[in-house]
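> Turn this into a model:
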Amino acid sequence: MSTGKANMTTQTDKTAILNLIQFVRKFSLYLRKNPATSFILAFEALLLVAAVEMIDGNIAGANAVGVYAFVALVIGVALHAISVIKGSKEGQTSP
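Predicted structure coming up:
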């Protein structure tokens with residue numbers, strides 16, 4: 001017996017959800033393989049937070065968040081440099 005309501009989940013919606021799940025899995029594997037990426041992404045997020053703090057007029061908060069952003073960037077670049085050096089010694093290409 002039909003209620004007259006359309007089916008809410010279409011094939012396109014199911015495909016989009018599966019693609020999103022597949023993307024999350026691939027991204028998770030990439031982050032495990034390249035741990036420097038998580039620090040660089042944290043830098044970008046913290047930089048956005050610092051910009052919002054500065055727009056709100058909280059200069060001290062923006063400076064504090066900016067320091068943490070810079071530390072995350074330094075750690076990320078250092079880890080990436082280590083992985084490139086390690087990979088070049090093993091004869092692999094950089095990630």
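> residue closest to the middle of this structure?
Leu41 (4.6 Å; CA atoms, centre = their mean).
> where's that residue relative to Leu31, distance?
According to CB to CB, to the nearest Å, Leu41 and Leu31 sit 9 Å apart. The C-beta positions use only the backbone N, C-alpha and C, and glycine is treated the same way.
> Low-confidence stretches in the protein?
Low-confidence segments of the chain, defined by pLDDT under 70, span residues 1-11, 92-95.
> ranges for the helices of it?
For the chain, the helices defined by DSSP state H occupy 11-33, 36-56, 59-89.
> residues near the closest residue to Thr37 other than its chain neighbours, how many?
The spatial neighbour of Thr37 that comes closest, neighbours along the chain excluded (CB to CB, 6 or more residues apart in numbering), is Leu31 at 5.8 Å. The burial metric for Leu31, expressed as a neighbour count using other CB atoms under 10 Å, is 13.
> Next up, the contacts around Leu46.
Taking CB atoms under 8 Å, 6 or more residues apart in numbering, we find Leu46 in contact with Val65, Gly66, Tyr68, Ala69, Ala72.
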